[in-house]
Structure formats: C-alpha cells, structure tokens
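Visitor: pasting the sequence and the predicted model now:
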Amino acid sequence: MKEYKLKINDNSYTVVIKDVTDDAVLAEVNGKQHVVHIDTIANLTTITEPQSSAPISAVPSPAALTQTAPPKPAESGAIITPIPGQIISITVSLGEQVRIGQKLLVLEAMKLENSITATMDGTVGEILVAEGDVVNQGQPLIFLT
C-alpha cells in the first residue's frame with residue numbers, strides 16, 4: 001500500500017493505492033474508493049527533483065485534459081465488467097443499499113464464475129444487464145448512486 005500527497009490545480013489530494021492488478025488499480029482518493037481501469041501503460045519516468053526553476057510549459061491545460069481524457073466510471077458509480085463473459089446471476093435489485101465489496105452479480109468467463117462486487121457504498125440506481133446476457137470488457141453493468 002502506497003500513499004501519495006498530490007496537488008492538482010491548487011487542489012490537494014491524498015491518494016492511497018490499495019491494490020494493483022494487470023488491468024485495474026483500487027485507489028482511495030481523499031477517503032473515497034475508486035477502481036481505475038488500465039487500458040495501456042506507457043514507459044514513464046518519475047521526476048524526483050526539479051531540473052530547473054523554469055515553469056513546465058508542456059503540461060496541457062485543464063480544458064485539453066477534459067477533451068481527451070476517458071470517462072471515469074468509478075467516480076460516476078458505474079460498475080464495469082473487467083473481462084468479457086456471460087451474466088450468470090444478479091444478486092441485487094433496484095433501490096437496494098450496497099456496501100463496498102458486496103457481490104452484485106456473477107459473470108462466467110472462460111468456464112470460471114467471477115463475482116463482480118461494489119466498488120463503493122451506494123444504492124443500486126440502474127441495472128443494465130439481465131441474466132444470460134453476454135458482455136464485453138469495459139461494458140457498464142450496474143450504476144450505483
């Protein structure tokens with residue numbers, strides 16, 4: 001578990017990385033849990049000391065970031081399928097209160113049953129799939145509010 005203190009556009013954030021898999025990171029940002037799905041990983045270098053006191057001009061503006069950044073499903077309450085498969089069972093109903101880690105549905109992939117769990121505390125606001133549906137990786141399954 002690693003903790004980072006970050007400042008972005010004069011806003012302070014405490015980020016705790018709780019778990020990392022090949023395709024996702026479980027992170028806590030200012031006390032709220034998020035699942036961050038990884039599409040690709042580029043070769044990155046960590047800057048440990050500033051090389052000069054000159055401002056960094058290559059940093060894109062916030063407007064540019066919002067135009068190219070992918071949506072953040074964990075922040076929106078979307079539960080996203082990590083792998084393609086078939087919905088075997090749905091264990092929650094609309095309006096039900098759920099806790100982080102609670103099983104929401106079972107997804108069969110490569111002959112294995114995978115429990116898809118809540119990434120945050122909330123209320124089941126929308127169920128986008130039904131038992132028997134075939135889903136693709138990255139597809140929203142359930143929205144929590």
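Guide: Structure received.

Visitor: may I have the longest strand along the chain as CSV, with CA atoms only?
Guide: Criterion DSSP state E: the longest strand present in the chain is strand 11-20. Presented in CSV, the C-alpha positions along strand 11-20 are these (Å, rounded to 0.1, in the frame of the first residue of the first chain):
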residue,chain,number,x,y,z
ASN,A,11,-6.4,21.2,-5.0
SER,A,12,-4.8,18.8,-2.5
TYR,A,13,-5.4,15.1,-2.7
THR,A,14,-4.3,12.1,-0.6
VAL,A,15,-4.2,9.0,-2.8
VAL,A,16,-3.7,5.6,-1.3
ILE,A,17,-3.1,2.7,-3.7
LYS,A,18,-4.7,-0.3,-2.1
ASP,A,19,-4.4,-3.0,-4.8
VAL,A,20,-3.0,-3.3,-8.3
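
Visitor: pLDDT wise, what is the nearest residue in space to Leu6 that is not next to it in sequence at?
Guide: Among residues not flanking Leu6 along the chain, Tyr13 sits closest, at 4.5 Å (CB to CB, 6 or more residues apart in numbering). Backbone N, C-alpha and C define where each C-beta goes, glycine included. Looking at Tyr13, its pLDDT is 85.

Visitor: on that earlier part again, skip ahead from the longest strand of the chain and say which helix or strand is next.
Guide: strand 24-29 (DSSP states H and E).

Visitor: which parts of whichever helix or strand comes after that following strand are buried?
Guide: Next in sequence after strand 24-29, counting helices and strands by DSSP H and E, comes strand 32-37. By 16 or more other CB atoms under 10 Å, the buried positions in strand 32-37 come out as 33-37.

Visitor: by contact count, what packs against the host helix or strand of Leu107?
Guide: Using DSSP H and E, Leu107 maps to strand 103-109. The contact analysis (3 or more CB pairs under 8 Å, 6 or more residues apart in numbering; DSSP states H and E) places strand 103-109 against strand 85-90, strand 112-117, strand 140-144.
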